[in-house]
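Enquirer: below are the sequence and a predicted model; questions follow.
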Amino acid sequence: MKNFLNNTDYNFIKKFKICGYFSTILILIGFSFFIFKGPELGIDFKGGTEIIIDIDDTLLNVNDIKSNLNQYLDKNGINVSNIKSYGTKKMQILVEDSDFSLSFFKEIISNYEKNKLSLLSFNKIGSTISSELSTNAMQALFIAILLIGFYIIIRFDWYSSIGSIIAIIHDILIVISLLVIFNYQFDINIIAAFLIIIGYSLNDTIVVFDRIRENFDEYSNMELGKTINLSINETLSRTTITSLTTLFVLLSLLIFGGNSLSGLSFALVIGIITGTYSSIFIATPIMMNLRIKYFNEENIKE
């Protein structure tokens, strides 16, 4: 791995257009799923009731419990949107209706399998609160991207800022697309994942842009494309190894973290991959093309 990444001379410039097409196609596929299938929203965003129940030790088959409980609740007029298990002892039931009473639900589970289920938590989220959460989540993402844009302008320049912002938006769209395609639920944890992905993607982009700026000063007579290619190759080892070490941790979380963390860990795994990818194949070519268009950079660097 070390020899594979050190002293590399890969021609990334030739891959920019192909990667741009690949990202566009993937986002369009995700957009189609979003329009025709729609995202699976958690109660954080659409309102409803979250119920946590404790399962008796004698009920061993969790999948059978989920199936039977879903049918049992449906017969009693409760519209269940999702049931998740936490190991073999606890289960989360997400109900679309936020108006049915706690006493009614207690009566239902008390008659299930001879009182082998007990209620631990019963939380309602109304439509007003869910609407506020959605608005606040969008505002948080917008403000984060806006502040990042100002930071990149101060540290680098406006065309690097545009490249960074488009790369961040690209990462979020890719993650949303794959969440919809693989039917993961959108809840408040996903918004937290987006903010983490934004920070990680920005960090990778800054590493690449910083090396590009250093090489602009050191190799002032080198052609723009060659300078950028050299810079990406020089940062490839650091970027890849950092991403892989983070990815190993997140894969462990995805595999062993259970259902409650599956959406969060999946979003972070995809975000780490796209954050590294977009720093090279989205942010950098946008920055390069803006320099060529507005500053005739090719002639300057010849």
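Expert: Nice, I can see it.
Enquirer: touching, Ser134 and Gly47? I think so.
Expert: No: counting by Cβ atoms under 8 Å, Gly47 is not a contact partner of Ser134; they are 10.4 Å apart. Bear in mind the C-beta positions are built from the backbone N, C-alpha and C, glycine included.
Enquirer: show me what whichever strand or helix holds Asp210 is packed against.
Expert: For Asp210, the host element (DSSP states H and E) is helix 188-218. Contact partners of helix 188-218 among helices and strands, from 3 or more Cβ pairs under 8 Å, 6 or more residues apart in numbering; DSSP states H and E: helix 127-155, helix 158-181, helix 224-256, helix 262-278, helix 284-295.
Enquirer: any idea how far the third one is from the chain center?
Expert: Here the centre of mass of C-alpha atoms in helix 224-256, compared against the chain's by Cα atoms, centre = their mean, to the nearest Å, lies 17 Å away.
Enquirer: got the angle for that helix vs helix 284-295?
Expert: 150 degrees (axes from the mean of the first three to the mean of the last three Cα atoms, to 10 degrees).
Enquirer: tell me how far Ser131 lies from Met138.
Expert: 11 Å (Cβ to Cβ, to the nearest Å).
Enquirer: give me every residue that touches Leu250.
Expert: Going by Cβ atoms under 8 Å, 6 or more residues apart in numbering, Leu250 touches Ser265, Leu268, Val269, Ile272.
Enquirer: ok, 10 Å please
Expert: Contacts for Leu250 (Cβ atoms under 10 Å, 6 or more residues apart in numbering) come out as Gly257, Leu264, Ser265, Phe266, Ala267, Leu268, Val269, Ile270, Gly271, Ile272, Ile273.
Enquirer: shared neighbours of Ser134 and Gly47, anything?
Expert: Leu41.
Enquirer: among those two, which residue is more densely surrounded?
Expert: Legend: neighbour count by other Cβ atoms under 10 Å for Ser134 and Gly47, higher for Gly47 (20 against 17).
Enquirer: how near is that one to Leu141?
Expert: Per Cβ to Cβ, Gly47 is found 21 Å from Leu141.
Enquirer: now do the SS call for Asn11.
Expert: coil (DSSP: H, G, I helix; E, B strand; the rest coil).
Enquirer: excluding its backbone neighbours, what's nearest it?
Expert: Spatially, and ignoring its direct neighbours in sequence, Asn11 is nearest to Asn229 (6.4 Å; Cβ to Cβ, 6 or more residues apart in numbering).
Enquirer: what's the distance between the one you found and Phe16?
Expert: From Asn229 to Phe16 the distance is 10 Å (Cβ to Cβ).
Enquirer: joint contacts of these two?
Expert: Counting by Cβ under 10 Å, 6+ apart, the residues touching both Asn229 and Phe16 are Thr284.
Enquirer: ok so, going back, out of the helices and strands packed on helix 188-218, nearest to Ser118?
Expert: Checking the helices and strands packed on helix 188-218 against Ser118 by Cβ to Cβ gives helix 262-278 as the closest, at 25.0 Å.
Enquirer: helices or strands up against the closest one?
Expert: helix 16-36, helix 158-181, strand 185-186, helix 188-218, helix 224-256 (3 or more Cβ pairs under 10 Å, 6 or more residues apart in numbering; DSSP states H and E).
Enquirer: average model confidence for that helix?
Expert: The pLDDT scores in helix 262-278 average 91.
Enquirer: would you mark the buried spots in that helix?
Expert: By neighbour count on 16 or more other Cβ atoms under 10 Å, the buried set for helix 262-278 is 262-278.
Enquirer: re the thing from before, for the contacts of Leu250, which one is nearest Asp157?
Expert: Distance to Asp157 across these (Cβ to Cβ) is lowest for Gly271, with 25.9 Å.
Enquirer: residues contacting the closest residue to that closest one other than its chain neighbours?
Expert: In space, and not counting its chain neighbours, Gly271 is closest to Ile197: 3.3 Å by Cβ to Cβ, 6+ apart. Ile197 makes contacts with Ile168, Asp171, Ile172, Ile174, Val175, Ala267, Leu268, Ile270, Gly271, Ile272, Thr274, Gly275, as judged by Cβ under 10 Å, 6+ apart.
Enquirer: looking at these, which is nearest Phe31?
Expert: Ile174 (11.2 Å).
Enquirer: and that closest one, how far is that from Ile292?
Expert: Separation of Ile174 from Ile292 (Cβ to Cβ): 26 Å.
Enquirer: which one of those two has more residues nearby?
Expert: Between Ile174 and Ile292, counting by other Cβ under 10 Å, Ile174 is the more crowded of the two (23 against 17).
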